[in-house]
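*Asks:* this one's structure only:
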């Protein structure tokens, strides 16, 4: 059985997204281009990260599923 | 977290989100095209108008007012405003300065030549419908306040969702999507992942949306308190002068009194936003942040001398700053694309939340029916 993760570890990545997202939103409002473009990337980071995570975790799950099936035979 | 505490947080999360889901879905769906309203408007109604003297010097405002009044004999100027992205000044006139809005006449003029500019058809049709639906559902202030209440429920649902995220993810790595499990588990993982990574955006857009729904009360309070106070302080010359001072001089006086600000709007003596004896000149800042902050300046209409000014109170500043953060229109197209993606993520979170609730109810119902049938057999 997997060990339970602490609250700090659970919220580590969400906190990174929250802080960077807020930084991007506010910095673009405070300053003008080209900070806007940078802020777009910072705010958009969750989008890219989610896409990557879903892609790789999905691949990992598929491999695990295939391995389990192979081992069960 | 104790199971009773967990149940309490789950209860608040479930019902706060269920109550507001339909309205939030409507807001997300209508908000999606509104993010790109500039692009859609210009595609639907391409503005082919060009100034007579591109890059040329601007005419004096007094000349523009004279031209406007020359086209509307017997009328008086009421308001003057400026287009943001083209050298166009809009002049509102009427038979009296305090006439009803429906009887006012509105005309646009080329600042470089004084020629009449054909009205732009932006915001017409579908986009106007979407904006009204998104703002107040065609119900005016009650609709706005109702959507504000739904926004508060949405914020509550988001915060309780963050609290519930911890117990659900205690045994899972960040971003785990258990694709090999049942559809309900799979959608729970998507719901948690998309919900937690968009929480900063969702909170910012949610809170600023709620502030925007209070626009009318905030503006009314600002007018009733601060602006009325400014007018009351200097309203010792009630009578409208026979001959009003030069508008250009009045504007120069206002800008001198509030350096680093530029002209946005003029209310002529006798109009709704002014007194019989004053111009009220509304200035805004020059920087990206301060250009949304407005300062009204009172100028004596008889002499053109500066009388007084009043900076925006904190609640009106909060409204001004919440608008760009809600619309996402301050960072060009890249930020708009990000806004649209976040919006789509929020739609997925909302729909997956409804699906999870329905799936859980179906699970409960089938468990109960098995129990019931078991009891029946026992009997």
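*Replies:* The structure has been received and is ready for your questions. What you see is a predicted model, and the numbers here were worked out from it, not measured in a lab. Residues are numbered from 1 along each chain as shown, chains lettered A, B, ... in the order given.

*Asks:* in the chain, which segments are predicted with low confidence?
*Replies:* In the absence of a named chain, chain A is used. A:1-3, A:32-33, A:58-73 (pLDDT under 70).

*Asks:* could you do chain B instead?
*Replies:* For chain B (pLDDT under 70), the answer is B:1, B:120-124, B:235-238, B:366-379.

*Asks:* Do a quick rundown of the helices in it.
*Replies:* Assigned by DSSP state H, chain B shows helices spanning B:3-35, B:37-44, B:61-71, B:126-136, B:140-168, B:183-197, B:199-213, B:215-222, B:228-234, B:247-257, B:314-327, B:332-378.

*Asks:* if I look at residue B:246, how far off is chain A?
*Replies:* Residue B:246 is 34 Å from chain A, where distance means CB to the nearest CB, to the nearest Å. For glycine as for every other residue, the C-beta is placed from the backbone atoms N, C-alpha and C.

*Asks:* who are the neighbours in contact with that residue?
*Replies:* B:62, B:304 (CB atoms under 8 Å, 6 or more residues apart in numbering or on different chains).

*Asks:* ok, now how distant is it from residue B:39?
*Replies:* Separation of residue B:246 from residue B:39 (CB to CB, to the nearest Å): 40 Å.

*Asks:* How about residue B:126?
*Replies:* 14 Å.

*Asks:* what does residue A:7 give?
*Replies:* According to CB to CB, residue A:7 and residue B:39 sit 43 Å apart.

*Asks:* what do you get for residue B:140?
*Replies:* From residue B:140 to residue B:39 the distance is 29 Å (CB to CB).

*Asks:* ends of stretch B:304-313, how far apart?
*Replies:* 26 Å (CA to CA, to the nearest Å).

*Asks:* Just the residues contacting it, thanks.
*Replies:* Under CB under 8 Å, 6+ apart, the answer for stretch B:304-313 is B:222, B:225-227, B:229-230, B:233-234, B:245-246, B:249-250, B:253-254, B:256-258, B:278, B:293-300, B:320.

*Asks:* Same check on stretch B:341-356?
*Replies:* With CB under 8 Å, 6+ apart, stretch B:341-356 has contacts from A:43-44, A:46-47, A:50, B:17-18, B:21, B:24-25, B:28-29, B:31-32, B:35, B:184, B:187-188, B:190-191, B:194-195, B:197-198, B:201-202, B:205.

*Asks:* Separate out the buried members of those.
*Replies:* Buried members of the contacts of stretch B:341-356, scored by 16 or more other CB atoms under 10 Å in any protein chain shown, are A:43-44, A:46-47, A:50, B:17, B:21, B:24, B:28, B:31-32, B:35, B:184, B:187-188, B:190-191, B:194-195, B:197-198, B:201-202, B:205.

*Asks:* got the contact list for the most centrally placed residue in chain A?
*Replies:* Nearest to the geometric centre of chain A sits residue A:49, at 4.0 Å (CA atoms, centre = their mean). With contacts defined as CB under 8 Å, 6+ apart, residue A:49 is in contact with A:17, B:175, B:197.

*Asks:* switch the cut-off to 7 Å
*Replies:* Going by CB atoms under 7 Å, 6 or more residues apart in numbering or on different chains, residue A:49 touches residue B:197.

*Asks:* buried ones in stretch B:131-142?
*Replies:* Using 16+ other CB under 10 Å as the test for burial, stretch B:131-142 gives B:131, B:133-137.

*Asks:* Nearest to residue B:159 among these?
*Replies:* The closest of the buried residues of stretch B:131-142 to residue B:159 turns out to be residue B:134 (CB to CB; 23.6 Å).

*Asks:* Those residues of the stretch 101-250 of chain B touching chain A, which are they?
*Replies:* B:166, B:169-171, B:174-180, B:193-194, B:196-201, B:204 (CB under 7 Å from any CB of the partner chain).

*Asks:* In PyMOL, how would I select just the buried ones from the residues you listed?
*Replies:* Here is the PyMOL command that picks out the buried ones among those, judged by 16+ other CB under 10 Å:
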select buried, chain B and resi 166+169+170+174+175+176+177+179+193+194+196+197+198+199+200+201+204
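
*Asks:* mind putting the buried residues of stretch B:131-142 in JSON lines, distance to residue B:89 included?
*Replies:* JSON lines is the format used below for the buried residues of stretch B:131-142 (distance: CB to CB, whole Å):
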{"residue": "B:131", "distance to residue B:89": "25"}
{"residue": "B:133", "distance to residue B:89": "32"}
{"residue": "B:134", "distance to residue B:89": "30"}
{"residue": "B:135", "distance to residue B:89": "27"}
{"residue": "B:136", "distance to residue B:89": "30"}
{"residue": "B:137", "distance to residue B:89": "34"}
